[in-house]
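> Need coordinates for the following:
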Amino acid sequence: MSSACAKLIAAYESLPADEKQEVAKEILRRLPPLDFGPLNDDQVALAGDELAAMLQQEENGSQPR
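Next up, the predicted model:
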């Protein structure tokens, strides 16, 4: 990593959390489109399992109305 990049990261780390989020959004917005190629079946299954676990955790933590 160049010294300019290291300085940028150090400056980023010194920001409050809300400003870090704003900076991260702006950096991501400026990135070129990424192409990771097609997903294989194992990756799709893992993503589905993780999503199901997150939804189950959310459902278990919610209060009835």
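> use CA for all of it now, contacts and neighbours both
Will do.
> max-length helix in the protein?
helix 41-61 (DSSP state H).
> So what's the gap between it and the chain middle?
Per C-alpha atoms, centre = their mean, to the nearest Å, the displacement of helix 41-61 from the mean C-alpha position of its chain is 16 Å.
> ok, now stretch 26-36?
How far stretch 26-36 lies from its chain's middle: 12 Å, per C-alpha atoms, centre = their mean.
> give me the low-pLDDT residue ranges for this protein?
The model of the chain has pLDDT under 70 over residues 62-65.
> how about residue 34, secondary structure?
Judged by DSSP: H, G, I helix; E, B strand; the rest coil, the three-state class of residue 34 is coil.
> Tell me which residues touch residue 50, please.
Contact analysis of residue 50 by C-alpha atoms under 8 Å, 6 or more residues apart in numbering lists nothing.
> measure it to residue 44 for me?
Going from residue 50 to residue 44 by C-alpha to C-alpha, to the nearest Å gives 10 Å.
> and if you look at residue 58?
With distances taken as C-alpha to C-alpha, residue 58 is found 21 Å from residue 44.
> do residue 15 as well
Counting by C-alpha to C-alpha, the separation of residue 15 from residue 44 is 36 Å.
> Many thanks, have a good one.
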